[in-house]
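In: quick one, structure for this:
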Amino acid sequence: MESILTSTKKVLGVAESDTTFDVDIILHINSAFATLAQLGVGPLEGFEIEDDTAVWDDLLGTSPRFNNAKAFTYLYVRQLFDPPQTGYLVEALQKQMDELVWRLNIAREETDWEDPSDPQLDPDEPDSLDGGGP
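Out: Purely as a prediction, here's the structure:
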């Protein structure tokens, strides 16, 4: 079982024993998780960590379908915690993140996709998607 905080620190080049930046890294990890929740990845109620006890299986379960969420989290945290110094590298990092978001969407839609033309949605109901009324 791999700790989310510990593995993220390792990718960032921060020693596991060095807790100097834990608050900053945890903040950025939780921000990445908020983005993943909006993509439909992870628990419906969202997910956050507070220390090094949370593991990736807590967020993603045991299926490898969403392993790209780990890479997305690492890149997201790196972009905020230790951003590249050149525009070229910033752009390359963003392109990698965009591709991971696309791939996570594809993985999620394979099982969780809902038809937007659902006949149960009544456009004349006040609770409809467009807010109803004129």
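In: contacts for the helix or strand hosting residue 37?
Out: Element membership for residue 37, per DSSP states H and E: helix 22-38. Helix 22-38 has contacts (Cβ atoms under 8 Å, 6 or more residues apart in numbering) with 4-5, 8-9, 12, 14, 42-43, 46-52, 59, 69, 72-73, 76-77, 80-81, 104. No exception for glycine: its C-beta is placed from N, CA and C like everyone else's.
In: centre of the chain to that helix, how far?
Out: 8 Å (Cα atoms, centre = their mean, to the nearest Å).
In: mind showing which ranges of this structure have poor pLDDT?
Out: Counting by pLDDT under 70, the chain shows low-confidence ranges at 112-134.
In: quick check: buried residues in stretch 65-72?
Out: 66, 68, 69, 70, 71, 72 (16 or more other Cβ atoms under 10 Å).
In: kindly export that stretch (C-alpha atoms) in CSV.
Out: Only the C-alpha atoms of stretch 65-72 are listed here, as CSV (Å, rounded to 0.1, in the frame of the first residue of the first chain):
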residue,chain,number,x,y,z
ARG,A,65,-8.3,1.8,-14.6
PHE,A,66,-7.5,5.1,-13.0
ASN,A,67,-3.8,4.8,-12.5
ASN,A,68,-3.4,7.9,-14.6
ALA,A,69,-4.9,9.8,-11.7
LYS,A,70,-1.6,9.3,-9.9
ALA,A,71,0.5,10.8,-12.7
PHE,A,72,-2.0,13.7,-13.0
